[in-house]
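Engineer: no sequence on hand, only this structure:
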């Protein structure tokens, strides 16, 4: 067996794999013997079918299968052993003049067109400027977060004051018959209602201003505007048990509880950040502000890397790419894409491809390695950020560790983490080799900037999925 690469240009070539009979004959015979052992053919005992019968029945299929395996393995080995950096995947040349006769040809040649990654110089030095945004939090946003924490960690407490519309009023509901308690009527202990949920204004106002010891007589169906689900909840039964009308009930108020915001004290600091992390209100505000600012990190990284992409793509505008091959490959691997759509999409796909190759060049030439601990740290950061979206900033260590571990068990998630970790390495390298112009910006303005960026790059972001396919480098060292 012999394999060669015939380059037709700096970025195009053909891999030729030549097979002779001795390269595949032994494997074909072995496979036919296996068929013979398993074959169950009427008139023959299992394992005793004549070899010529097996060859006649399965010979061609076995030959095709074994040759395909040999050629496929050899193609991958040739690319790997010769450290070829190819774009996309090899495409078999099935033109008529390249066809082989598997049963007659003693010597066979298989041709695979390949696209080669172009060689180019990429100059990134202190003459290159990129902007890095330092996001600052507005005072009113910090105050809103403080208020949110006080609301979230507040609690209900009994009050002796007159009830407000948002208080929880607890007591005993007693079924009435006229102005008297109904004999044998329903009595519901520990009934609860909140005036603000009552639909009827008159009923609602009869509870607002009431105090412990007061009684209010009302009709539940009137109070809840005939909403049987809400009436059933009050009467502690099911909706099916509620008819089209209900009797009046007397509500004897035994307790009024009011929600009170958490105080700005050590107990709140510990609940939000963890025990002892902040020991004063000033310290607490600083740490919360820093945590909120950190949530902008991924967006800041995104803008920075997109600036780098625009700059690098411009520097690579004269680098030749195997456009014809890539268009052919993209059409062959996507049945939904038409040639007309590809022509419109290709410029953006090529930009993504150029940037992908440039990042790979930076990674390889500067030996930027992503270690497993980098992936673990990033997974923990992602887990923490996901919980933080719901205000859960002080998770027990074991909960965070278990969730992080679950992320690392998903292959797709790990691959995404590797890509993000690699990009972070590239960002750090860029920050050390180009001139970084730092710009302070308030969060509202930064969000507007991100919104404008997302709108401007909507189509480009949509095509980022193609980067993973059109730029599939097979450099399996």
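Structural biologist: The structure has been received and is ready for your questions. Model, not experiment: these values are computed from the prediction. Residues are numbered from 1 along each chain as shown.
Engineer: show me the longest helix that occurs in this structure.
Structural biologist: helix 51-81 (DSSP state H).
Engineer: in it, which residues are buried?
Structural biologist: For helix 51-81, a neighbour-count test (16 or more other C-beta atoms under 10 Å) marks 54-55, 58-59, 62-63, 66-67, 70-71, 74-75, 78-79 as buried. To be clear about C-beta, it is placed using only N, CA and C from the backbone, and glycine gets the same treatment.
Engineer: what's the answer for stretch 169-180, then?
Structural biologist: Buried residues in stretch 169-180, counting neighbours by 16+ other C-beta under 10 Å, are found at 169-176.
Engineer: average pLDDT for that stretch?
Structural biologist: Stretch 169-180 comes out with an average pLDDT of 95.
Engineer: likewise for stretch 274-288?
Structural biologist: Averaged across stretch 274-288, pLDDT comes to 93.
Engineer: how close does the closest residue to residue 238 other than its chain neighbours get to residue 272?
Structural biologist: In this structure, residue 238 finds its nearest non-sequential neighbour in residue 232, 5.7 Å apart by C-beta to C-beta, 6 or more residues apart in numbering. Distance of residue 232 to residue 272, given as C-beta to C-beta, to the nearest Å: 38 Å.
Engineer: of these two, who's got more company?
Structural biologist: For residue 232 versus residue 272, neighbours defined as other C-beta atoms under 10 Å are more numerous around residue 272 (24 against 17).
Engineer: I'd say that one and residue 392 touch.
Structural biologist: No. Counting by C-beta atoms under 8 Å, residue 272 does not reach residue 392; the two are 9.9 Å apart.
Engineer: any idea which helix or strand carries the residue nearest to residue 238?
Structural biologist: If you go by DSSP states H and E, residue 232 is part of helix 228-234.
Engineer: what sits against residue 187?
Structural biologist: Contact analysis of residue 187 by C-beta atoms under 8 Å, 6 or more residues apart in numbering lists 172-175.
Engineer: how about the backbone phi and psi for it?
Structural biologist: Dihedral pair for residue 187: phi -130, psi 120, per degrees, to the nearest 10.
Engineer: what about it, distance to residue 264?
Structural biologist: To residue 264, residue 187 is 44 Å away according to C-beta to C-beta.
Engineer: put together a markdown table for the buried residues of helix 51-81, with distance to residue 141 and pLDDT on each row.
Structural biologist: Shown next, in a markdown table, are the buried residues of helix 51-81 (distance: C-beta to C-beta, whole Å; pLDDT from 0 to 100):
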| residue | distance to residue 141 | pLDDT |
| --- | --- | --- |
| 54 | 78 | 76 |
| 55 | 79 | 81 |
| 58 | 73 | 78 |
| 59 | 76 | 79 |
| 62 | 70 | 83 |
| 63 | 71 | 84 |
| 66 | 67 | 88 |
| 67 | 67 | 87 |
| 70 | 65 | 91 |
| 71 | 62 | 92 |
| 74 | 61 | 94 |
| 75 | 57 | 95 |
| 78 | 59 | 95 |
| 79 | 53 | 95 |
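Engineer: leaving out sequence neighbours, find the closest residue to residue 382.
Structural biologist: Using C-beta to C-beta, 6+ apart, the closest residue to residue 382 is residue 407 (6.6 Å).
Engineer: ok so the one you found is a helix residue?
Structural biologist: Yes. Residue 407: assigned to a helix according to DSSP: H, G, I helix; E, B strand; the rest coil.
Engineer: my read is that it contacts residue 413, right?
Structural biologist: Yes. Using C-beta under 8 Å, residue 407 is in contact with residue 413, at 5.2 Å.
Engineer: residue 331: neighbour count?
Structural biologist: Residue 331 has 14 nearby residues by other C-beta under 10 Å.
Engineer: by contact count, what packs against the helix or strand harbouring it?
Structural biologist: For residue 331, the host element (DSSP H and E) is helix 323-332. For helix 323-332, the contact count by 3 or more C-beta pairs under 8 Å, 6 or more residues apart in numbering; DSSP states H and E identifies strand 86-92, strand 107-116, helix 339-365, helix 464-470 as packing neighbours.
Engineer: can you lay out the ones you listed as CSV showing mean pLDDT, mean neighbour count and distance to residue 144?
Structural biologist: Shown next, in CSV, are these (pLDDT from 0 to 100; neighbours: other C-beta atoms under 10 Å; distance: least, C-beta to C-beta, whole Å):
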stretch, mean pLDDT, mean neighbour count, distance to residue 144
strand 86-92, 94, 19, 49
strand 107-116, 93, 19, 53
helix 339-365, 94, 17, 38
helix 464-470, 38, 16, 33
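Engineer: turn those into a markdown table, including distance to residue 276.
Structural biologist: Output for those, formatted as a markdown table (distance: least, C-beta to C-beta, whole Å):
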| stretch | distance to residue 276 |
| --- | --- |
| strand 86-92 | 55 |
| strand 107-116 | 59 |
| helix 339-365 | 41 |
| helix 464-470 | 43 |
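Engineer: so which of these comes closest to residue 384?
Structural biologist: Residue 384 sits nearest to helix 464-470 of all the helices and strands packed on helix 323-332, at 25.2 Å, using C-beta to C-beta.
Engineer: strands of this structure, start to end?
Structural biologist: 2-7, 12-20, 86-92, 107-116, 129-136, 155-158, 168-177, 180-181, 187-193, 215-218, 249-260, 435-442 (DSSP state E).
Engineer: ok, the shortest one: who's next to it in the sheet?
Structural biologist: Which is strand 180-181. strand 168-177 (antiparallel) (DSSP bridges).
Engineer: so what are the domain limits for this structure?
Structural biologist: Per automatic domain parsing, the structural domains of the chain span 2-116, 129-146+275-470, 155-260.
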